[in-house]
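> Got a predicted structure plus its sequence, pasted below:
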Amino acid sequence: MRTRGRRSAAELAVIPIRPRDHRLRPPDDLGADEAALFRELVASCRADHFVAADAHLLACYAQALLISRRSAGDPTLLQRWEKATRLAAQLAPKLRLCPSSRQDAKTAARHSADYRPSYYDLQRDDDAYQGFGQRRIR
């Protein structure tokens, strides 16, 4: 419970000790690449974003992403790429990894309605394009 009233200077001077953030670890049955992607996904979110029950679902997501990446350029593996990409797209909202699942639609609409780019942002976008719609590499 919280105490009522202002906190004293002595209370404010004390730095609370928090245990280290415990991050989700990859399951043992993942390969090296899959485990690396799993750790990268977990590190990209807050420490309390995933719980232990999410480990296997996140492992499936990492596997689907790797299959999709590996089969992306090969026309003979088009069906494999399509199935893996579809699975990754279905799992991302379940794991709350995509923006639409992290934010309410009304909140997003309200924020986009309030946003007005500055003149400098618009000028920077104009400078990024060079003749006939081709983007200049910076």
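Received it, and whenever you're ready, just let me know what you need. Since the model is a prediction, treat every value here as computed from it, not as a measurement.
> Now do the contacts for the most centrally placed residue in the chain.
With distances taken as CA atoms, centre = their mean, the residue of the chain nearest its centroid is residue 97 (4.8 Å). By CB atoms under 8 Å, 6 or more residues apart in numbering, the contact list for residue 97 reads 41, 45, 61. Placement of C-beta: from N, CA and C, glycine included.
> nearest residue to residue 92 other than its sequence neighbours?
Nearest-residue entry for residue 92: residue 98, 4.5 Å, with adjacent residues in sequence omitted and distances by CB to CB, 6 or more residues apart in numbering.
> And the one you found, how far from residue 91?
Counting by CB to CB, to the nearest Å, the gap between residue 98 and residue 91 amounts to 10 Å.
> of those two, who's got more company?
Just comparing residue 98 and residue 91: by other CB atoms under 10 Å the higher neighbour count belongs to residue 91, 18 against 13.
> quick revisit: for the residue nearest to residue 92, what are phi and psi?
Per-residue torsions, residue 98: phi -100, psi 150 (degrees, to the nearest 10).
> From residue 90, how far out is it?
Here the distance between residue 98 and residue 90 works out to 11 Å (CB to CB).
> show me what contacts residue 5?
Residues in contact with residue 5, defined by CB under 8 Å, 6+ apart, are absent; none qualify.
> and it, which of the three is it?
Here residue 5 is coil, with the state taken from DSSP: H, G, I helix; E, B strand; the rest coil.
> quick thing: my sequence starts at 51, can you match it?
Let's use 51 as the start, then, which means that last one is residue 55.
> Looking at it now. What's its pLDDT?
As predicted, residue 55 sits at a pLDDT of 84.
> If you average the pLDDT over stretch 121-129, what comes out?
When pLDDT is averaged over stretch 121-129, the result is 92.
> Sorry, wrong one. I was asking about stretch 90-106.
According to the model, stretch 90-106 has a mean pLDDT of 90.
> First-to-last residue distance for it?
Across its full length, stretch 90-106 reaches 15 Å end to end, with CA to CA, to the nearest Å as the criterion.
> next one: stretch 157-171
Stretch 157-171 has an end-to-end distance of 23 Å (CA to CA).
> how about residue 75, what does it touch?
By CB under 8 Å, 6+ apart, the contact set of residue 75 is residue 105.
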